[in-house]
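S.K.: Show me the folded form of this:
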Amino acid sequence: MNYSTIAVKSLMIADILIFLTYLVYKYIKNKYIFSPFNIFIFISSVALLFISMLQYNNKAWEALGSFNSTYYIDYLNQCMVINSIGFAIFILTMALFELFYKKEISLKAIEKDNTIKHRIVVKFYILCLILWVALIVKVWAIPLFGNRMIFDSSDNNKIRPIYLALNIIIFTLAQYMFIRYLKSKEKYLIGLSILGVIVVLLVGSRGPFVDIIVNLTLFYIYSNKERFRKPNLMIISALALTLVLGIGMLFVRHGNKIDRNFEEKMQQEIMYGNTFSDIRDGAFILYNYDQKHFEGFLNGKNYLADTMSFVPSALSEYRQKWSWGNFTAKTLAGYEDHYGLRGGLFLQPYLNFGWFGVVLIAIVAGIIYGLSERSFYRNIFENKGSFEFKFILVTCGITFAKAIFISSGFHDVYPLLVLSFIVLLPKRVVGIAERYKL
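M.R.: This is a model prediction of the structure:
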């Protein structure tokens, strides 16, 4: 059963051709496909270009408590059109700035006083690890093995912004330590990186855990290019393995056993579960948007609420109502213990600003991703300088791009701005740090 329209099918075919053309040209020109910054795009493309066609099946809606997809067909088609057009504009813009843009962006200044800044970053990272453990001790629960939303409770909501900030800092600096280790071979750096990976695992979120494992694998493979004759094959294998680990985390988190039926459960999760459910969730959002009688567009309410993410929701009625997570989960769907629904990369821009939002966000995010991929290629493959500090700046940019897709991610932007500030410390401040042996 499939009720997708001719327009939807045509847009899907066009998206697949555009994406494949981009990947082929990229590989011919740059000799690589995957980077730590574009895995998110591949995951999103799987959800849009392949799994979305399975969302017309009744099985896909069981996870949302519905057993008849026909109620949502029109909304599925609408969500597919919105995301397909946005995706095409995004890929074309990214390709333009990654593969054809000639102007260089100089970041040489951040490489000055490298050793002193590195020392500051290491101490800041260790402090963040200690604070993270302190918060876990305070709530006396490990999210992976218990309540993943423990910091959303009324008792802990006020410290949630601190917890989220520590998560993204540790996630980023664990990778920084690994990149630095690959260059310097200092063993303490690999130890610090492993500690960060353990923290990301204990947080209990599949996305960041899969991301960090894949990213570390990518950096290792690309730093040892001469040893790996077929790096893309190894990377695809690593992606498949981490996907299995991520789904395994889902079962552990929900208290399910990983038994002889694991393969069947994993297949069901990939095809009809919540791992690649962006388009289904988007249709569900549009359906409830109509059912709740919202008229017109939201005019940026979700974005404004989430740019205030440093304010605990318990202290802001506006955030409780309009932050994307609360709006989609509580206001629209009626869920209480849920972080929110995604809806694809371009549903939130559409609901807030209409087609103008879809086009604008696609272009801005495409520029950021394109320049980030260009920076990665020039530093890793052309050896145009050390990359560990640039990695922090690029990660900040990519995180901002993700946040304008789905504004719930704005809580990650502000901590990364702090890290970027350390990387960009002027010489005078670095001199003071050296004087006091920071």
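S.K.: what about this structure, any weak spots by pLDDT?
M.R.: 1-2, 104-113, 229, 245-265, 384-385, 426-438 (pLDDT under 70).
S.K.: Can you show me the strands along it?
M.R.: Here the chain has no strands by DSSP state E.
S.K.: so where's the longest helix in it?
M.R.: Ranked by residue count and defined by DSSP state H, the top helix of the chain is helix 347-376.
S.K.: list the helices and strands it packs on?
M.R.: helix 73-95, helix 278-291, helix 301-307, helix 388-405 (3 or more C-beta pairs under 8 Å, 6 or more residues apart in numbering; DSSP states H and E). Heads up, the C-betas are built off the backbone N, CA and C, glycines and all.
S.K.: what are the phi and psi values for residue 309?
M.R.: Main-chain torsions, residue 309, degrees, to the nearest 10: phi -60, psi -20.
S.K.: Contacts only, for it.
M.R.: Neighbouring residues of residue 309 by C-beta atoms under 8 Å, 6 or more residues apart in numbering: 161, 164, 319, 323, 410, 411, 414.
S.K.: Residue 354 too?
M.R.: Applying C-beta under 8 Å, 6+ apart, the residues near residue 354 are residue 297.
S.K.: Would you mind writing the CA trace of stretch 151-160 as PDB?
M.R.: Output in PDB follows, covering the C-alpha atoms of stretch 151-160 (Å, rounded to 0.1, in the frame of the first residue of the first chain):
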ATOM      1  CA  PHE A 151      17.200  16.100  34.400                       C
ATOM      2  CA  ASP A 152      13.800  17.100  33.100                       C
ATOM      3  CA  SER A 153      12.100  16.300  36.500                       C
ATOM      4  CA  SER A 154      11.000  19.300  38.600                       C
ATOM      5  CA  ASP A 155      13.700  18.600  41.100                       C
ATOM      6  CA  ASN A 156      16.500  18.700  38.500                       C
ATOM      7  CA  ASN A 157      15.200  20.900  35.700                       C
ATOM      8  CA  LYS A 158      17.200  24.000  36.900                       C
ATOM      9  CA  ILE A 159      20.500  22.200  36.400                       C
ATOM     10  CA  ARG A 160      19.500  20.700  33.100                       C
END
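S.K.: Outside of it itself, list whatever touches it.
M.R.: Counting by C-beta under 8 Å, 6+ apart, 135, 138, 139, 147, 150, 163, 164, 312, 313, 314, 315, 337 sit against stretch 151-160.
S.K.: By neighbours, which of the contacts of residue 309 wins?
M.R.: residue 323 (29 neighbours; other C-beta atoms under 10 Å).
S.K.: Residue 406 is in contact with that one, correct?
M.R.: No: look at residue 323 against residue 406 with C-beta atoms under 8 Å: they stay out of range, at 11.0 Å.
S.K.: out of everything not next to it in sequence, what's closest to residue 126?
M.R.: residue 192 (7.5 Å; C-beta to C-beta, 6 or more residues apart in numbering).
S.K.: typo on my end, it should be residue 405
M.R.: With C-beta to C-beta, 6+ apart as the criterion, residue 405 has its nearest non-adjacent residue at 4.5 Å, and that residue is residue 345.
S.K.: residues near that neighbour, how many?
M.R.: Residue 345, neighbours per other C-beta under 10 Å, totals 29.
S.K.: try the one 10 residues further on
M.R.: Applying the criterion other C-beta under 10 Å, we find 14 residues in the vicinity of residue 355.
S.K.: care to break the protein down by domain?
M.R.: 6-104+276-357, 110-267+414-435 (automatic domain parsing).
S.K.: who touches stretch 32-41?
M.R.: 23, 26-27, 42, 175, 211, 214-215, 218-219, 222, 231-232, 235, 239, 369, 372-373, 376-377, 381, 391, 394-395, 398, 402.
S.K.: Filter those residues down to just the buried residues.
M.R.: Using 16 or more other C-beta atoms under 10 Å as the burial test, these include 23, 26, 42, 175, 211, 214-215, 218-219, 222, 231, 235, 239, 369, 372-373, 376-377, 391, 394-395, 398, 402 as buried.
S.K.: just the helices in the stretch 101-250 of the chain please.
M.R.: Taking DSSP state H, counting those that start in this stretch, the helices of the stretch 101-250 of the chain run over residues 114-139, 160-184, 187-203, 206-223, 231-253.
S.K.: buried residues in the second one?
M.R.: What that stands for is helix 160-184. 160-182.
S.K.: how much space is there between the residue nearest to residue 328 when sequence neighbours are not counted and residue 161?
M.R.: Distances taken as C-beta to C-beta, 6+ apart place residue 341 nearest to residue 328, at 4.2 Å, with adjacent residues excluded. From residue 341 over to residue 161 the distance is 22 Å, taken as C-beta to C-beta, to the nearest Å.
S.K.: cool, residue 394 as well?
M.R.: From residue 394 across to residue 161, the span is 24 Å (C-beta to C-beta).
S.K.: tally of neighbours for the closest residue to residue 167 other than its chain neighbours?
M.R.: Closest residue to residue 167 apart from its sequence neighbours, by C-beta to C-beta, 6+ apart: residue 203 at 5.7 Å. When counting by other C-beta under 10 Å, one arrives at 22 neighbours for residue 203.
S.K.: Give me the number of neighbouring residues for residue 224.
M.R.: As a measure of burial, residue 224 has 11 neighbours, counting by other C-beta under 10 Å.
S.K.: just to revisit the earlier point, looking at the contacts of residue 309, which is nearest residue 58?
M.R.: Distance to residue 58 across the contacts of residue 309 (C-beta to C-beta) is lowest for residue 323, with 31.3 Å.
S.K.: For that closest one, give me its contacts.
M.R.: With C-beta under 8 Å, 6+ apart, residue 323 has these contacts: 302, 305, 306, 309, 313, 407, 408.
S.K.: let's see 10 Å
M.R.: 301-309, 313, 316, 329-331, 340, 407-408, 410-411 (C-beta atoms under 10 Å, 6 or more residues apart in numbering).
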